[in-house]
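*Asks:* No sequence on hand, only this structure:
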């Protein structure tokens, strides 16, 4: 057992880049590891949940062989998995087993492939390890162009980007289950380029990926293709001609299985606006992913509210202390698990949303067109860096409170008191058929 799993410390070899949306630290505890001796052992033996109650193993790259033809499982349906974004530290089989999920998602920033072999890039390496152990995997390719123009197809700059894509494809094709072309393109592109350069760029990348997938592993390739992900569709200002062209491209390309959405919202009604907008604009047989979703904008509205009076009295916290300040204190010196629980569940704005995860996943599934949705799992170092009134409180989403609450006496990480049990229950409430 590694020191990371036993103690929660991140050793130098785990010191990989992280961002605001990352996850961090170790698997749940030795209890989670022991769980692998039960149901989790089937996963490590090579069975993979396919969304319909079946499983499938790997195969050869020969698209004409019977083994290869049989290796592609049915398309996933209604799956709820774990998301680590680009920060895989602490994402272990023990964590997934503790959550009772068989699927995991991450993304890779493409410029990193200039300096590291694709198979060794942290997010890709982690997903390949899970894929090799029989888990369902989703990889999103992130093209960060917030501060420079997107390359135009046919230029040397585009050639550089496609060379990066080829590195990723060489590592993941026929290994990961789902490849998403793009992470959050309309956010990760300069505003002035969204109506002009964005669609030609991503359409060229998609055409290249489709051709390479056919060349490398044939029509029965394990890796399914999606375009993603769309943000803020509940706001009319983001329902643009460029977004409609994006969806029109998804609809027109036979090899595309659907589109990814990221409903980070302040209400469940806003999230429904995403599926209401997207689904009529793609083919009826196409599906959607929701590889990120949360109520983070609701949390942000209440981030500076005072801590609840009952909590302040119980823990001798000065009246009027802003919620964010109490979280900052917890990040600096992690609380006992009960204190973290009391801080959240005595805050009406948080406790009143305790059914959010259940309601949201059921809403996705009720469309009949959800392939996979994944939810943020571990708190990451960037989430607790420079906490103040303007900080976006992503850490309140996470299924584990691993950076703000101490492990229990037997080593178990603290859970999100609203969502952890709901996440596990949702694994058993949908047959996928």
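*Replies:* It's in. Just so you know, these numbers come straight off a predicted model, no measurement behind them.

*Asks:* Just confirm residue 309 contacts residue 317, I think it does.
*Replies:* No - between residue 309 and residue 317 there is no contact under CB atoms under 8 Å: 9.8 Å. For glycine as for every other residue, the C-beta is placed from the backbone atoms N, C-alpha and C.

*Asks:* So the two - more neighbours on which side?
*Replies:* Of the pair residue 309 and residue 317, residue 317 is the one with more neighbours under other CB atoms under 10 Å, namely 19 against 12.

*Asks:* can you pull the contacts of the more buried one?
*Replies:* Residues touching residue 317, when contacts are defined by CB atoms under 8 Å, 6 or more residues apart in numbering, comprise 307, 311, 326.

*Asks:* residues in contact with the second one?
*Replies:* By CB under 8 Å, 6+ apart, residue 311 lies in contact with 317, 342-343, 346-347.

*Asks:* and the closest residue in space to it that isn't next to it in sequence, how far is that from residue 368?
*Replies:* What sits nearest to residue 311 in space, not counting adjacent residues and going by CB to CB, 6 or more residues apart in numbering, is residue 346, at 4.7 Å. Separation of residue 346 from residue 368 (CB to CB, to the nearest Å): 38 Å.

*Asks:* Mind checking which of the two has more residues around it?
*Replies:* Comparing residue 346 with residue 368 by neighbour count (other CB under 10 Å), the higher total belongs to residue 346, at 16 against 9.

*Asks:* isn't that one right up against residue 310?
*Replies:* Yes - with the criterion set as CB under 8 Å, residue 346 and residue 310 qualify as a contacting pair; they are 5.3 Å apart.

*Asks:* returning to what we had before: among the contacts of residue 317, which one sits closest to residue 192?
*Replies:* The nearest member of the contacts of residue 317 to residue 192, counting by CB to CB, is residue 326 at 40.6 Å.

*Asks:* sec struct for the closest one, please.
*Replies:* With DSSP: H, G, I helix; E, B strand; the rest coil as the basis, residue 326 sits in helix.

*Asks:* Surely it is in contact with residue 346?
*Replies:* No - using CB under 8 Å, residue 326 is not in contact with residue 346, being 11.3 Å away.

*Asks:* How about residue 319: what's its closest non-neighbour residue?
*Replies:* Closest residue in space to residue 319, ignoring its immediate chain neighbours: residue 312 at 5.6 Å, by CB to CB, 6+ apart.

*Asks:* distance of the one you found from residue 336?
*Replies:* Taken as CB to CB, the span from residue 312 to residue 336 is 16 Å.

*Asks:* Equivalent analysis for residue 425, please.
*Replies:* Here the criterion is CB to CB. By it, residue 425 lies 26 Å from residue 336.

*Asks:* quick one: the strands in the protein?
*Replies:* Under the criterion DSSP state E, the chain carries strands at the ranges 79-85, 103-109, 136-142, 178-181, 224-231, 256-262, 287-290, 370-376.

*Asks:* Now tabulate these in JSON lines and tack on mean neighbour count.
*Replies:* Written out in JSON lines, the entries for the strands of the chain read as follows (neighbours: other CB atoms under 10 Å):
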{"stretch": "strand 79-85", "mean neighbour count": "26"}
{"stretch": "strand 103-109", "mean neighbour count": "26"}
{"stretch": "strand 136-142", "mean neighbour count": "25"}
{"stretch": "strand 178-181", "mean neighbour count": "24"}
{"stretch": "strand 224-231", "mean neighbour count": "24"}
{"stretch": "strand 256-262", "mean neighbour count": "24"}
{"stretch": "strand 287-290", "mean neighbour count": "26"}
{"stretch": "strand 370-376", "mean neighbour count": "26"}
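
*Asks:* Could I get those in CSV, plus columns for mean pLDDT and distance to residue 411?
*Replies:* Written out in CSV, the entries for these read as follows (pLDDT from 0 to 100; distance: least, CB to CB, whole Å):
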stretch, mean pLDDT, distance to residue 411
strand 79-85, 97, 20
strand 103-109, 98, 22
strand 136-142, 98, 27
strand 178-181, 98, 33
strand 224-231, 98, 35
strand 256-262, 98, 33
strand 287-290, 98, 32
strand 370-376, 98, 22
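
*Asks:* List the contacts of residue 425.
*Replies:* For residue 425, the residues meeting the contact criterion (CB under 8 Å, 6+ apart) are residue 358.

*Asks:* Adding distance to residue 216, write the strands of the chain out as TSV.
*Replies:* Formatted as TSV, the strands of the chain follow (distance: least, CB to CB, whole Å):
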stretch	distance to residue 216
strand 79-85	25
strand 103-109	18
strand 136-142	15
strand 178-181	12
strand 224-231	13
strand 256-262	18
strand 287-290	23
strand 370-376	23
